[in-house]
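Chemist: Turn this into a model:
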Amino acid sequence: MLINSFQSTEVGDIPLKSHNSIKNGEKLRLVINPDETDAQKVKAGIIEILSPLEKRVVSGDLHEIDPSKLVYFDVIIPENWICGSYQANVLDTRNKIVCTNYFNVTAVNKLQTYLTAKTISPKWRIHYQIKVKNPTTKTIGNFSAFVALPITILPQQIIKDLKTFPNNLKDSTDVEGNHWIHYELPRIDPQAEHIMSFSALADCQPLIISKSIPENYKINPYKKQFLKKYLSPEPHIESNHSKIVELASKISNKDPISFAKKAAKVVNRKIKYKIQPDEYGAAYAIEKGEGDCTEYAALFVALCRAAGIPARTNAGFALAQNWERHATAEFLVAGRWIPIDVTGQNGNDIFLGSLPNTIIVTRGNWMGDTIAKEVSYRYQIMEQTQKLDVNIDWKIIFEHGLTFKKKEPFDATSTKTIKILEPQMLDSTKVKILSDTTHKKPIEIMGSDIVKIPAKTIPIKKTRIDLTNKNKTRKQLSFDLSVPDVMKAGTMKNQVITISNNSKSIYNGCFEIRRIEDGINKLLSIQGVKISPNEHLKFKPAIKLDRTGSNMLEFVLMNRIGRTLLKEEKKVSVY
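Modeler: Numbering: from 1, shown residues only. Okay, here's the model as predicted:
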């Protein structure tokens, strides 16, 4: 069986190939050409069209096939379709793809260009402000706040142009790659008001986990001490809860990716979406049968941990109708954190990956008294009635670079008062309020995962926080790619890829292969790796390349927090 795409016009049908395209408002014609064997294989099924983000945008029933006849489907390309490569599939009754065809949609005006940029490769300007006011008649002392900064997560989220006010704030990080700035005020006089803020540009791109990703990846290459945190129960992620353990045991866990998809379906069946007044987590969700995105993410992570799959929650923002705070999750496969937004995935087709309408701020469990929160603070008071007013204002704006007659409004603005830690009550005779000019040793927050904050202030001047010495690392690691320049559409295999470690250090991480098309990153293969000094690892990855034309492939070695250790690009022409 074959399926072909055409632009249908008054003078005839024009075949759509990799070098031409169809525009919004024009007629698309899909032609299915069956043969004798197809009549036996596909007695009924579905024809579908997937957007560049692999979202189903068209679906139709395919009745019993007559091999002596062609089957036509006509679709007028809607005005709101984004530009890029679309995929037309014929599915059998088991939802397996029988045949595939690709066609390109291009923009006809600024509106399509705008929608495409906002959907595929948006740049979100984040404005974040904390306003602290002492409404009491007495001084409040030793205010200390940790504020999370959005983090770079390659390849889907790159943070640029980071600016803070004041600009000489100290910063800290942890083993998960989170970053905080530390804001201190030795004293806050009565009725005094102080402002701390930051702005940043989040350059976001889609990351899609291929549905045909091979299942031959190795186990996670990291030490048990590192993995223990993501396999153990903790407050709000009660993976040892009897009902959660029982539920996880009923889900097949032969393959982590298959388990994750089934677990996401289970979570959406078990929980009814309802906004909660606080963060309750997994045990609450399974007992009450309700929750918001926090409970969806927490229950999913708990199920993964109960099945022996390392997983964690994430916190940040997501754009639906408006920007809102949002919780997502990640699970670890072959040294690679696979993102998933569990909330609302109640269909048969579970999406794995990250869309650019999501901005991650912190990774890890932020529920309860933990520094992984968006904001945490503390201060000292002399009277029980004293309490600071702490207000957080934030807005996220799309920077499109296009000129319209009417100015675009802000996408969203939100204001919220957050209280994280209770103030410390001290005997008024023992409290010493420090003046603004008095030198004070900064507060130290200690823990197994938290880096001690140095006494010296570190000005934030760089546009991106990056702790990796990239030049040094890339000299120590190298690729040898025996990948063909030209190949027939299908599965690339038996091509040897060698990773060489010429250093004296051991590198653990994930070797992955991505296909880059129109700003969309599609993950085709993942492999956990552990490379000893002077070792040469050889791989024969099997990756499916069925998109004819030029395919840009990226070969990447990443460490456990997602920083790139080595990357090379290769163009492969597929016919």
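Chemist: Sticking with Lys261, tell me its helix or strand.
Modeler: Using DSSP states H and E, the element containing Lys261 is helix 256-270.
Chemist: Report the buried residues of that helix.
Modeler: 256-257, 259-268, 270 (16 or more other CB atoms under 10 Å). C-beta here means a position set from N, CA and C on the backbone, and glycine is covered the same way.
Chemist: do stretch 531-549 as well
Modeler: Buried residues in stretch 531-549 (16+ other CB under 10 Å): Ile531, Phe539, Pro541, Ile543, Lys544, Leu545, Arg547, Gly549.
Chemist: will you turn the residues you listed into JSON lines that also has secondary structure?
Modeler: Below are those laid out as JSON lines (DSSP: H, G, I helix; E, B strand; the rest coil):
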{"residue": "Ile531", "secondary structure": "strand"}
{"residue": "Phe539", "secondary structure": "strand"}
{"residue": "Pro541", "secondary structure": "coil"}
{"residue": "Ile543", "secondary structure": "strand"}
{"residue": "Lys544", "secondary structure": "strand"}
{"residue": "Leu545", "secondary structure": "strand"}
{"residue": "Arg547", "secondary structure": "coil"}
{"residue": "Gly549", "secondary structure": "strand"}
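Chemist: Val57: which of the residues you listed is nearest?
Modeler: Arg547 (18.0 Å; CB to CB).
Chemist: so who does the closest residue to the closest one other than its chain neighbours touch?
Modeler: Leaving out its chain neighbours, the residue that sits closest to Arg547 by CB to CB, 6 or more residues apart in numbering is Tyr102, at 5.7 Å. Contact analysis of Tyr102 by CB atoms under 8 Å, 6 or more residues apart in numbering lists Ser5, Ser18, Ser85, Tyr86, Gln87, Ala88, Arg547, Thr548.
Chemist: repeat for Ile49
Modeler: Leu30, Arg56, Val57, Val58, Ser59, Val75, Tyr86, Gln87, Ala88, Asn89 are the contacts of Ile49 under CB under 8 Å, 6+ apart.
Chemist: and if you look at Lys488?
Modeler: Contacts of Lys488 (CB under 8 Å, 6+ apart): Val574, Tyr575.
Chemist: cool, and the one 5 residues further on?
Modeler: Contacts of Lys493 were listed using CB under 8 Å, 6+ apart, and they are Lys540, Pro541, Ala542.
Chemist: Helices of this protein, start to end?
Modeler: 36-41, 110-120, 224-228, 242-249, 256-270, 282-288, 293-306, 470-476 (DSSP state H).
Chemist: Let me have those helices in CSV, adding distance to Lys570 and mean pLDDT as columns.
Modeler: Shown next, in CSV, are the helices of the chain (distance: least, CB to CB, whole Å; pLDDT from 0 to 100):
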stretch, distance to Lys570, mean pLDDT
helix 36-41, 36, 60
helix 110-120, 23, 90
helix 224-228, 32, 93
helix 242-249, 40, 97
helix 256-270, 25, 95
helix 282-288, 43, 97
helix 293-306, 34, 98
helix 470-476, 17, 56
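Chemist: and among those, the most buried is which?
Modeler: helix 293-306 (a mean of 29; mean count of other CB atoms under 10 Å).
Chemist: That one vs helix 242-249, what angle?
Modeler: 70 degrees (axes from the mean of the first three to the mean of the last three CA atoms, to 10 degrees).
Chemist: what's helix 293-306 packed up against?
Modeler: helix 242-249, helix 256-270, helix 282-288, strand 311-319, strand 323-333 (3 or more CB pairs under 8 Å, 6 or more residues apart in numbering; DSSP states H and E).
Chemist: nearest to Asn508, of the ones you listed?
Modeler: Of the helices and strands packed on helix 293-306, nearest to Asn508 by CB to CB is strand 323-333, at 12.1 Å.
Chemist: What is the closest one packed up against?
Modeler: helix 256-270, helix 293-306, strand 311-319, strand 336-340, strand 358-363, strand 412-417.
Chemist: what about the third one, distance to the chain center?
Modeler: It refers to strand 311-319. Here the centre of strand 311-319 is set off from its chain's centre by 8 Å, with CA atoms, centre = their mean, to the nearest Å.
Chemist: do the first one as well
Modeler: The chain centre lies 18 Å from the centre of helix 256-270; the measure is CA atoms, centre = their mean.
Chemist: Need the residues that contact that helix.
Modeler: Taking CB under 8 Å, 6+ apart as the rule, helix 256-270 contacts 209, 213, 215, 247-248, 251-253, 285-286, 289, 296, 299-300, 303-304, 307, 309, 331, 333, 338, 340, 342-346, 350, 352.
Chemist: what's across from the residue nearest to Arg547 in the sheet?
Modeler: Gln87 (DSSP bridges).
Chemist: For Arg383, the count of nearby residues, please.
Modeler: Actually, residue 383 is Glu. It isn't Arg. 12 (other CB atoms under 10 Å).
Chemist: Do I have it right that it meets Lys138?
Modeler: Yes: with contacts counted by CB atoms under 8 Å, Glu383 reaches Lys138, the gap being 6.4 Å.
Chemist: mind checking which helix or strand of the chain has the lowest mean pLDDT?
Modeler: strand 424-425 (a mean of 38; mean pLDDT, DSSP states H and E).
Chemist: before we move on, the earlier item: for the contacts of Lys493, which one is nearest Thr116?
Modeler: Nearest to Thr116 among these, counting by CB to CB, is Pro541 at 30.9 Å.
Chemist: What values do phi and psi take at that closest one?
Modeler: phi -70, psi 140 (degrees, to the nearest 10).
Chemist: What's opposite the closest residue to it other than its chain neighbours in the beta bridge?
Modeler: The shortest distance from Pro541 to any non-neighbouring residue, by CB to CB, 6+ apart, is to Ser525 (4.4 Å). Following DSSP bridges, Ser525 is listed with bridge partners Ile513.
Chemist: residues contacting the closest residue to Met367 other than its chain neighbours?
Modeler: Excluding the flanking residues, the one nearest Met367 by CB to CB, 6+ apart is His236, at 3.9 Å. By CB under 8 Å, 6+ apart, the contact set of His236 is Glu279, Tyr280, Gly281, Ala282, Ala283, Ala298, Asn365, Met367, Gly368.
Chemist: Out of these, which is nearest to Leu185?
Modeler: Nearest to Leu185 among the contacts of His236: Gly368, at 25.4 Å, using CB to CB.
Chemist: I'd say Ile392 and Arg325 touch.
Modeler: No: using CB under 8 Å, Ile392 is not in contact with Arg325; the gap is 10.5 Å.
Chemist: tell me the domain ranges of this structure?
Modeler: Domains of the chain are assigned by automatic domain parsing as 2-120, 123-204+370-425, 207-355, 470-574.
Chemist: so Ile82 touches Lys55, yeah?
Modeler: No: Ile82 is not in contact with Lys55 according to CB under 8 Å; the separation is 10.2 Å.
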